[in-house]
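Student: For reference, the sequence and a predicted model appear below.
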Amino acid sequence: MVNVDFYILEWINGHYADWLDTVMWTISWPTTWIPLYVVLLGLLAWRYRSIESMALIILGLVLAVGLSDFTCSGILKPLVCRLRPTHEPAIGPMHLVNGYVGGLYGFCSSHAANTMAIGLLFSLLFRNKIATSCMMTWVALNCYSRMYEGAHYPTDIMAGLLIGSLWSVLIWLALTRWCHVDASATPQGGS
């Protein structure tokens, strides 16, 4: 699997262009997405129309991202100690975007976990096929950008996606079962 992991990364990282470097760097930068987060909160507020529900949803989103990030960066990266591709001496030089090499360890991807945590939890709460498709495209772009930059192997990304999904589902279950956020209401705007 390690060889397949490397070859996929090598192919993605090896197909670069100056204009694409700028696009991928922008996609990877967390503050790029602040306007999206504001829109998502606005859509959820429109969907739920309750201050109590919105407070719980915001808390849920913060917990999903925080727990995903902590699981990846606080537990797994120091435990597994898998070098990022940009730090791996056995790999030849990677194409670096803006000289970015990232932290020493890369398993598993916090970017993948965090974007999946937001994307999946929003999708479960908002319940709209178009919005879900847009969110999953956003998640995929973020994940691709991390491999394009040479910051993560595909298995780093997959593990991050699984962790983000796990925390999203657990938070969603808590919101709907114990916090009484009404997930059974008919979604506004169609599905």
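Tutor: Alright, I've got the coordinates. A quick note: this is a predicted structure, and the numbers were derived from the prediction, not measured. Residues are numbered from 1 along each chain as shown.
Student: Name the next helix or strand downstream of the least confident helix or strand in the chain by mean pLDDT, please.
Tutor: Comparing helices and strands within the chain by mean pLDDT, DSSP states H and E singles out helix 2-14 as the least confident, with a mean of 89. Counting by DSSP states H and E, the element after helix 2-14 in chain order, helix or strand, is helix 18-28.
Student: just how off-centre is that next one within its chain?
Tutor: Distance of helix 18-28 from the chain centroid (C-alpha atoms, centre = their mean, to the nearest Å) equals 17 Å.
Student: what's it in contact with?
Tutor: 32, 97-98, 100, 111, 141-142, 144-146, 148-149, 151 (C-beta atoms under 8 Å, 6 or more residues apart in numbering). Just so you know, the C-beta spots here come from the backbone N, C-alpha and C atoms, and that holds for glycine as well.
Student: Return a ChimeraX selection command for the buried portion of those.
Tutor: Listed next is the ChimeraX selection for buried residues among the contacts of helix 18-28, using 16 or more other C-beta atoms under 10 Å:
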select :97,111,141,142,145,146,148,149,151
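Student: Dump the contacts of helix 18-28 to TSV, plus distance to Leu83 and secondary structure.
Tutor: Output for the contacts of helix 18-28, formatted as TSV (distance: C-beta to C-beta, whole Å; DSSP: H, G, I helix; E, B strand; the rest coil):
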residue	distance to Leu83	secondary structure
Thr32	27	helix
Val97	18	coil
Asn98	20	coil
Tyr100	15	coil
His111	17	helix
Leu141	25	helix
Asn142	21	helix
Tyr144	21	helix
Ser145	20	helix
Arg146	15	helix
Tyr148	18	helix
Glu149	15	coil
Ala151	11	coil
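Student: before we move on, back to that, residues of the least confident helix or strand of the chain that come out buried?
Tutor: Using 16+ other C-beta under 10 Å as the test for burial, helix 2-14 gives 5-6, 9-10, 12-13.
Student: Reformat those residues as JSON lines; add distance to Asp156.
Tutor: Output for those, formatted as JSON lines (distance: C-beta to C-beta, whole Å):
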{"residue": "Asp5", "distance to Asp156": "9"}
{"residue": "Phe6", "distance to Asp156": "12"}
{"residue": "Leu9", "distance to Asp156": "9"}
{"residue": "Glu10", "distance to Asp156": "14"}
{"residue": "Ile12", "distance to Asp156": "13"}
{"residue": "Asn13", "distance to Asp156": "13"}
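Student: Which pLDDT value does the model give the residue nearest the centre of the chain?
Tutor: Nearest residue to the geometric centre of the chain (C-alpha atoms, centre = their mean): Thr115, 2.1 Å. Note for Thr115: predicted pLDDT of 97.
Student: Name the residues that touch stretch 89-109?
Tutor: The contact list for stretch 89-109, computed with C-beta under 8 Å, 6+ apart, reads 6, 13-14, 16, 21, 24-25, 72, 76-78, 80-87, 143, 146, 148-153, 155-157, 159-160, 163.
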